[in-house]
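> Here you go, sequence then predicted model.
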Amino acid sequence: MNKNSIAKLIILLLCVCCLFTGCKTSAPKSLYKSDTVKVVRNGNKTAVYDVAADKEYNYITKRVKRSEAIAEPYTTVDTDTIKIDIIPSGLSVYDKAKSTVFTVKRNYLRNRGVKLWK
């Protein structure tokens, strides 16, 4: 093999690698669905839809220092149909129509801080 064909082969291999490792788009993942509540996650964004009241509540996760992480749960939304609490382990969605609680767990990263719901 001459130098020209080796160079073409290397360029071809690099193009194939770029093709397979290129832009990766993750599709939104439906985590919970009922007649009144829908929870959808897309990457670090979580959307809670109050279908009955036609409202949308958005939450994102971000990395923070362990000292800034949430220690006590608190309520962010409390309506007639749903209640959303931010808890130390994630997000808790209470579907009042079905009397069920759905918890969205956050991911932990060791020695790199924790993720915080905002």
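Cool, the structure landed.
> Show me which residues of stretch 85-100 are buried.
Burial within stretch 85-100, assessed by neighbour count using 16 or more other Cβ atoms under 10 Å, is assigned to D85, I86, I87, G90, L91, S92, V93, Y94, D95. For the C-beta atoms, the positions are set from N, CA and C on the backbone; glycine is no exception.
> Identify the residue spatially nearest to the residue nearest to the spatial centre of the chain, adjacent ones excluded.
Most central in the chain under Cα atoms, centre = their mean is N44, positioned 3.5 Å from the mean C-alpha point. Spatial nearest neighbour of N44, excluding adjacent residues (Cβ to Cβ, 6 or more residues apart in numbering): T61 at 4.6 Å.
> ditto for K33
V39 is the one closest to K33 (Cβ to Cβ, 6+ apart), at 7.5 Å.
> what does E56 give?
That would be Y49: by Cβ to Cβ, 6+ apart, it lies 5.3 Å from E56.
> Please apply the same query to K83.
Distance criterion Cβ to Cβ, 6+ apart; nearest residue to K83, sequence neighbours excluded, is Y94 at 4.1 Å.
> give the contact list for the one you found.
Neighbouring residues of Y94 by Cβ atoms under 8 Å, 6 or more residues apart in numbering: I82, K83, I84, D85, T100, V101, F102.
> Can you point out the helix or strand that includes the last one?
Here F102, judged by DSSP states H and E, is contained in strand 100-105.
> Adjacent strands (with direction) for that strand?
Applying DSSP bridges, strand 100-105 is found paired with strand 90-95 (antiparallel).
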